[in-house]
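Student: Pasting a predicted model and its sequence here:
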Amino acid sequence: MANLIDKKDLKKVFWRSQICQFSHNYERMQSLSTVYILKPIFKKLYKDKSKEERANAMKRHLEYFNTHPIAMPFILGIVAAMEETTDEDQKESVISMKTSLMGPLAGIGDSMLNFTWMPIAGSIGAAFALDGNILGAILMFLMINCLYFPLKYYGVTKGYSKGMEVLGGEDNGKGIFDRLANMANVLGVIVVGGLIATTVKVTLGVQIAAGENPLMLQEMLDKVMPNLLPLALTFLCYYLLKKSNGKNAVWVIFGVLIIAVLLSMAGVIV
């Protein structure tokens, strides 16, 4: 199959990816921006097909998606290659690949860019700004974007080209992408596990009277299994989201907030 997607289309994907956070929402995160960024690809691939087929292609990518904005073009470059080379009855593999890559690359992006490069650029810029030098803000802006722009551009182009090379193999790249998806899933589980322990905070304030020194229930739980309550809360939210296929995400968010406030007022949690 001849390549339908050219550099002009990939450049459109690159420029559209600059505003990937504009439509960010707490229900499906970057799903709307994903469809917007991939629109030039759909327009090219479904040029001679019905409007309904193009609409169905866009609907596929309205599922939950969230990754680091700098890693997003690389993932969508691979997605573009897979959209071009797979048949309509194989499109689930495209969604599976996109979903399996979003977590691991988000973790890498956060640790290497947000928590490493951005503080370095900010500290250098702040050193100038403290002396009243406007060069500080300009230097920080240049340091960040001189790295981010190439990563985004080469991410989408290399993601597409390497994806086409792999998919053009004897087994249509299925074996390699299956292994990549498995590795991404394992890394994703590790990242999510670390985030649960470090980000989700639930501390009991309940005390049990026992002489002069009351027993702290939270300390007892920590001795049995540290971070048990954050894990239980995460599983509960996951269960509620899975039960409704993510349709009640907003209600789960508000439910957690309201219950947390009530329990805090009652002194159950602190």
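Tutor: Received it, and whenever you're ready, just let me know what you need. Numbers count the residues shown, from 1 in each chain.
Student: How many residues are close by Leu62?
Tutor: 12 (other C-beta atoms under 10 Å). Where you see a C-beta, it was placed from the backbone N, CA and C, and this is true even at glycine.
Student: so it touches Glu27, yeah?
Tutor: No - taking contacts as C-beta atoms under 8 Å, Leu62 lies outside contact range of Glu27: 10.7 Å.
Student: quick one: Thr67 and Thr199, what's the gap?
Tutor: 17 Å (C-beta to C-beta, to the nearest Å).
Student: which ones are touching the most centrally placed residue in the chain?
Tutor: The centroid of the chain falls nearest to Thr67 when counting by C-alpha atoms, centre = their mean (2.1 Å). Neighbouring residues of Thr67 by C-beta atoms under 8 Å, 6 or more residues apart in numbering: Gln30, Ile75, Leu101, Met102, Gly103, Leu105, Ala106, Gly109.
Student: residues near the fifth one, how many?
Tutor: Going back to what we said before, that points to Gly103. Neighbour count for Gly103, taken as other C-beta under 10 Å: 20.
Student: Give me the helices and strands touching the lengthiest helix in the chain, please.
Tutor: Looking across the chain with DSSP state H, the single longest helix is helix 135-167. Judged by 3 or more C-beta pairs under 8 Å, 6 or more residues apart in numbering; DSSP states H and E, helix 135-167 is in contact with helix 7-16, helix 72-85, helix 118-129, helix 174-199.
Student: Would you mind measuring from Gln90 to Asn182?
Tutor: For Gln90 relative to Asn182 (C-beta to C-beta), the value is 18 Å.
Student: I'd like the contacts of Thr67 as JSON lines, with secondary structure appended.
Tutor: Below are the contacts of Thr67 laid out as JSON lines (DSSP: H, G, I helix; E, B strand; the rest coil):
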{"residue": "Gln30", "secondary structure": "coil"}
{"residue": "Ile75", "secondary structure": "helix"}
{"residue": "Leu101", "secondary structure": "helix"}
{"residue": "Met102", "secondary structure": "helix"}
{"residue": "Gly103", "secondary structure": "helix"}
{"residue": "Leu105", "secondary structure": "helix"}
{"residue": "Ala106", "secondary structure": "helix"}
{"residue": "Gly109", "secondary structure": "helix"}
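Student: could you redo those residues as TSV and give each row distance to Asn3 and pLDDT?
Tutor: What follows is these, written out as TSV (distance: C-beta to C-beta, whole Å; pLDDT from 0 to 100):
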residue	distance to Asn3	pLDDT
Gln30	27	91
Ile75	19	90
Leu101	22	84
Met102	25	86
Gly103	29	80
Leu105	25	82
Ala106	29	83
Gly109	28	82
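Student: Now render those as a markdown table, adding distance to Ile190.
Tutor: Shown next, in a markdown table, are these (distance: C-beta to C-beta, whole Å):
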| residue | distance to Ile190 |
| --- | --- |
| Gln30 | 22 |
| Ile75 | 19 |
| Leu101 | 15 |
| Met102 | 15 |
| Gly103 | 10 |
| Leu105 | 13 |
| Ala106 | 13 |
| Gly109 | 15 |
